[in-house]
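S.K.: Pasting the sequence and the predicted coordinates here, then a few questions.
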Amino acid sequence: MRIVTMTVALLIFWSVVVPPEAWVDVVVGAIASLALAVWAARFLWPHAGPHHSSLHLSRVPAFALLTAKRIIVAATQVLRIVMDPRLPIEPFVLRQTVHFDEEAARVVYANAITITPGTLTLDVDGDVVTVHALDPELARDVVDGTLARDVSRLFERRVAS
Amino acid sequence: MTLVLNALSAVLIVVGLAFVLGGTVGLVRLPDLFSRAHAASKCDSVGAGSILFALALQGGLAFGDLKIVLIVMLALVSAPTTAHALARAGYRTGLVAWTRPERGEP
């Protein structure tokens, strides 16, 4: 079932990116989508497919806007740092224990850290997330748990600790 | 209206170029793989996003804009994934992150 769902989703994506002008476009798109869906089901999530049962769709736009704001502010700070002749960075590696009930929440959290300039997820091992940060100021939302709470609110009722 | 859209597009392109330039400079100036991954992947994704939105404005809210929005979303997902994959490979092979030496250290 998840192969069918993913094939349809990928085919829609294909149809937007490559607007079909002949039937061969649709056939090629369908074959590529099916191949990718089968590959993903076999290698990316062989035991269980991703599920979004507790994802609060109503909270996604607010989270997306907040993430966009974080990205722009932090990218500006990184730009200022790399253009500064003194290169004022204080890189450090942080290990943080964050509990999420869902695998998807963990993935979103790790990606939200990495997508925010100045912080980069090095590894995720169970509940332990290892983060590289260019500067303590840029990692503030990660260190004080703000980002983890935002992701928790997006996925589940229980707040991460 | 066209003048406003053109001006907005021009601003977005200049801002995008500044971020792409920043990413490139960071790639050269920053000291290790982890630090460089920050600049190389993320300043570039903000820069590319800005330039793509400028293109969308030039498209005049046509169907092609949806394509650009999808490409921006794809870039926002693929850039951190690539950066994470590179950094994780470095981390798991024992690469030690650069830290600023204390005063007095060589």
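M.R.: Everything's here; your move. Residues are numbered from 1 along each chain as shown, chains lettered A, B, ... in the order given.
S.K.: quick one: stretch A:57-72 to chain centroid distance?
M.R.: Mean C-alpha position of stretch A:57-72 versus that of the full chain (CA atoms, centre = their mean, to the nearest Å) differs by 12 Å.
S.K.: Also stretch A:77-89?
M.R.: When C-alpha coordinates are averaged (CA atoms, centre = their mean), stretch A:77-89 and its chain have centres 26 Å apart.
S.K.: Buried residues in it, which are they?
M.R.: Of the residues in stretch A:77-89, those buried under the neighbour-count criterion (16 or more other CB atoms under 10 Å in any protein chain shown) are A:77-79, A:81-82, A:89. C-beta coordinates here come from the backbone N, C-alpha and C atoms, glycine included.
S.K.: which SSE is the residue nearest in space to the middle of chain B in?
M.R.: What sits nearest the mean C-alpha location of chain B, by CA atoms, centre = their mean, is residue B:44, with 2.0 Å. Residue B:44 is part of helix B:44-59 when elements are defined by DSSP states H and E.
S.K.: Helix, strand, or coil at residue A:87?
M.R.: Three-state assignment for residue A:87 (DSSP: H, G, I helix; E, B strand; the rest coil): coil.
S.K.: What sits closest to it if chain neighbours are left out?
M.R.: Excluding the flanking residues, the one nearest residue A:87 by CB to CB, 6 or more residues apart in numbering or on different chains is residue B:29, at 6.0 Å.
S.K.: Show the pLDDT at the one you found.
M.R.: Listed pLDDT for residue B:29 reads 92.
S.K.: C-alpha coordinates for stretch A:85-98, CSV please?
M.R.: Once side chains and other backbone atoms are set aside, the C-alpha atoms of stretch A:85-98 remain, and they are given as CSV (Å, rounded to 0.1, in the frame of the first residue of the first chain):
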residue,chain,number,x,y,z
PRO,A,85,38.3,39.2,8.7
ARG,A,86,38.7,37.9,12.3
LEU,A,87,36.5,34.9,11.5
PRO,A,88,34.8,35.0,15.0
ILE,A,89,33.8,31.4,15.4
GLU,A,90,33.9,29.1,18.5
PRO,A,91,33.0,25.7,17.1
PHE,A,92,31.9,23.0,19.5
VAL,A,93,30.3,19.6,19.5
LEU,A,94,27.2,19.1,21.6
ARG,A,95,25.5,15.8,22.7
GLN,A,96,21.9,16.1,23.5
THR,A,97,19.4,13.6,24.7
VAL,A,98,16.0,14.3,23.3
